[in-house]
Structures are given as structure tokens and as C-alpha cells.
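J.: Provided below for reference: sequence and predicted model.
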Amino acid sequence: MNTLNVIDLDNHLQNQTPQQILQFALGEFDKIALSFSGAEDVVLVDMAIRIRPDVGVFCLDTGRLHAETYQFIEKVRKHYGIQIDIMFPDADAVRELVSQKGLFSFYEDNHQECCAIRKIGPLKKKLLTLDAWVTGQRKDQSPGTRANIPVIQDDKVFARPGEKLTKFNPLANWTLEQVWNYIRAYEVPYNPLHERGFISIGCEPCTRPVGPGQHEREGRWWWEEATKKECGLHASNIKGE
Amino acid sequence: MKITFVKKILSDGSPCKKCADVIEKLESSGQMARIDEVLVADERDPQSPGMAIAKKFNVDRAPFFVVDTGKGEPQVYTVYLKFVKEVLEQQTNEKDELKEIMQNNSDLDFL
């Protein structure tokens, strides 16, 4: 699949349902897996299982998740009878970080160093084994950083040297409300933290419940100021003719 | 092998800070000598060479590198340390590469 195909496919898949996008993705790639965070992206697991019961699913266990999230991941594993590949951070890298900066350094500088070690490291390791992966990323999760996420993209960040890695975001155009409508309609199991006001769920120290009218982004890394997206190229300039 | 480096000028005419950081690293390490061509992606001008190549390879950020070995499709690198490791075959620190990925890909926040 070359770059041109991906652009054309994205234009086509933008109008498809998440299930249709998954159908395409799972039909196109054998070495493909779903990234499951232990939150509302469980809908992807539910959809994918109906298409390919043996679909690969992996979780990034940062070591700092809520107890409820661990219990939920186990519940999903048993509910669907699937194997979930739990990816762990490099122990030496974590030890070095917490030895030098303590267990809560992210409150003092920012979350990126900790996330790099606890989340991106294991993600990179997992993606080196795949030709494609699927995420639950949605445009409405963060208007500042996800407003332009495509349904299918050429993942240049994590591709193996000289090879292609394709990333699918089947829920890109779905709203949080649509996700929850699916969860209710299909009686999909969900993380009990959602009943306590958590919309977006990540690591325990970096996640908090939000109130009515608050955006889910306000429940994550709330002590950090919104940062300017320094590295993006204005999309309309790239796409526009 | 031809290596093209693309740096950005912001819509207000100012240079991109990340691009400046990468240029400083390329120059201080002597790696700039391996770069065959430097293109500018000027956000004020969609027809600028850097914007055109970004569109061609569907790249939505800068800086980035395009590596054409003459065999197969050119490879695009948006992570400087990945480029250094895989193309220039120089040793890099894994921790630094992961940090660079996290800093420049805020869409990964919600995984």
C-alpha cells in the first residue's frame, strides 16, 4: 500500500462506519492489532471480535492505572474469550526516572517524559511486530491535537526501518455520544470509573473526573497549560490545491 | 542516496523552534554534511517547495527528512533521532527518541 493509496483510501473511508473501516482493516492485514486502553475504546474490541474473533488486542500497562482499569481489562479478556497482550515499560528506564525525579515528577515538569517511558516505549516495541494497528482516537477527544486525525494513515513514527506501518482510527468521526450509544445498545462491558465521572481514563495520578459541561480533556493533565502545537503544518495548506 | 531536510516557517513569518533545534543538532554533530538539500515549508505559501513535498508525502508536521535510496519509495522520517539511527547509522539514546516522539505527537496522549 503506497502513500497515494492511503490518501485516497482515507477520502473513501471517511464516509464509512467504524465497522466498515474495521472490516477493511482486518481484511487487508494479517499482522494487525487493536490498541485497547481499558476505557470506552472497548467498543472497538466488540466490533472487531464480530469480524475476526481471533483479532489481536494489546494494552499498555504503565504500572499506574487505576485498580478498576486492571479489573476491567481482565473482565474484557474473559467476556470476549480473547488473549490480550499486556505491554510493560522497560524496568530500568522506570527505575532511572523515579530514582532521579521521584514518583510524581509529572506534576512538576510535565507528563511527557513519564508517558514516553511508560507508554511510548512499550507501544514502539509492540508496533515493531505489526504491519498495522488500530486505535480508538477520535477527533472530539481534543480539538487542539486531534481535530485532523485521519481514518487511515501512514504511520511514519513507528514504522520498521524501510517498511510501512498503517494506522487505522475507525472512531475518528464518531462522537463520545455515539460511542456510548453503541455501548448501551450492544451491552458492551465498560470501565466502572465512567460511572464516577471519569470520561477519559488514563493513569491514576493523571486522570480525574470532570463535571457537567466540562470537556473530557479537562480530566487529563489539568495542571499543565494548553501548549501550542508547534510542529504541525497547517492542514489546509497541505491538502488545498 | 539523497537526503532532503524540510524546515518550516510559521504563518507569522517566524522560524519554527523545533526546526531550529534540529538544525543546531545537525550542524554541531557534523550531520549537516550528509544533507543533500534543504527545503523550506513556508506556511504562508502553499506552493513553497517544503509545503509541496509535505503534500506529496502526506506529512503534516515539520521538520522532517525524505530519504531516497533510489530503490523503492522514498522514506519519510518525522522523528529526528529515528532518522539519525536508521539512516545515518549513528547511536542514539532510546529514552531521548521516545521523549522526542511524545513531545511531537500529542495525538498519542490518549492511547
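T.: Great, that's in hand.

J.: Which elements pack onto the lengthiest strand in chain B?
T.: Criterion DSSP state E: the longest strand present in chain B is strand B:2-9. Helices and strands touching strand B:2-9, by 3 or more C-beta pairs under 8 Å, 6 or more residues apart in numbering or on different chains; DSSP states H and E, are helix B:17-29, strand B:37-42, helix B:49-56, strand B:64-68. Using the backbone N, CA and C atoms, a C-beta is placed for each residue, glycine as well.

J.: Quick one: work out the angle between the first one and strand B:64-68.
T.: Read that as helix B:17-29. Going by axes from the mean of the first three to the mean of the last three C-alpha atoms, to 10 degrees, helix B:17-29 is angled at 60 degrees with respect to strand B:64-68.

J.: Name the residues of helix B:17-29 that come out as buried.
T.: B:18-19, B:22-23, B:26 (16 or more other C-beta atoms under 10 Å in any protein chain shown).

J.: Tell me which residue lies nearest the centroid of chain B.
T.: residue B:64 (1.7 Å; C-alpha atoms, centre = their mean).

J.: Following the chain past the top helix by length along chain A, name the next helix or strand.
T.: Criterion DSSP state H: the longest helix present in chain A is helix A:67-80. Heading C-terminal from helix A:67-80, the first helix or strand you meet, by DSSP states H and E, is strand A:84-87.

J.: average pLDDT for the longest helix of chain A?
T.: The average pLDDT for helix A:67-80 rounds to 98.

J.: okay, and for the chain, where does confidence drop off?
T.: No chain in the question, so chain A it is. Per-residue confidence for chain A (pLDDT under 70) gives these ranges: A:1-4, A:143-147, A:225-241.

J.: cool, chain B as well?
T.: Those would be none, if you go by pLDDT under 70 across chain B.

J.: Buried residues, stretch A:63-76. List them.
T.: Buried residues in stretch A:63-76, counted by 16+ other C-beta under 10 Å: A:64-66, A:68-69, A:72-73, A:75-76.

J.: Same list (these) but as TSV, adding distance to residue A:54.
T.: As requested, the buried residues of stretch A:63-76 are arranged in TSV below (distance: C-beta to C-beta, whole Å):
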residue	distance to residue A:54
A:64	30
A:65	25
A:66	29
A:68	27
A:69	24
A:72	21
A:73	18
A:75	19
A:76	15
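
J.: Nearest to chain B among those residues?
T.: residue A:65 (12.5 Å; C-beta to the nearest C-beta).

J.: returning to that earlier point: what are the bridge partners for the residue nearest to the centre of chain B, then?
T.: residue B:6 (DSSP bridges).

J.: Ends of stretch A:73-86, what's the gap?
T.: Chord length of stretch A:73-86, first to last residue, is 10 Å (C-alpha to C-alpha, to the nearest Å).

J.: before we move on, the earlier item: what residues are up against the residue nearest to the centre of chain B?
T.: With contact taken as C-beta atoms under 8 Å, 6 or more residues apart in numbering or on different chains, residue B:64 is in contact with A:156, B:5-6, B:54, B:76-78.
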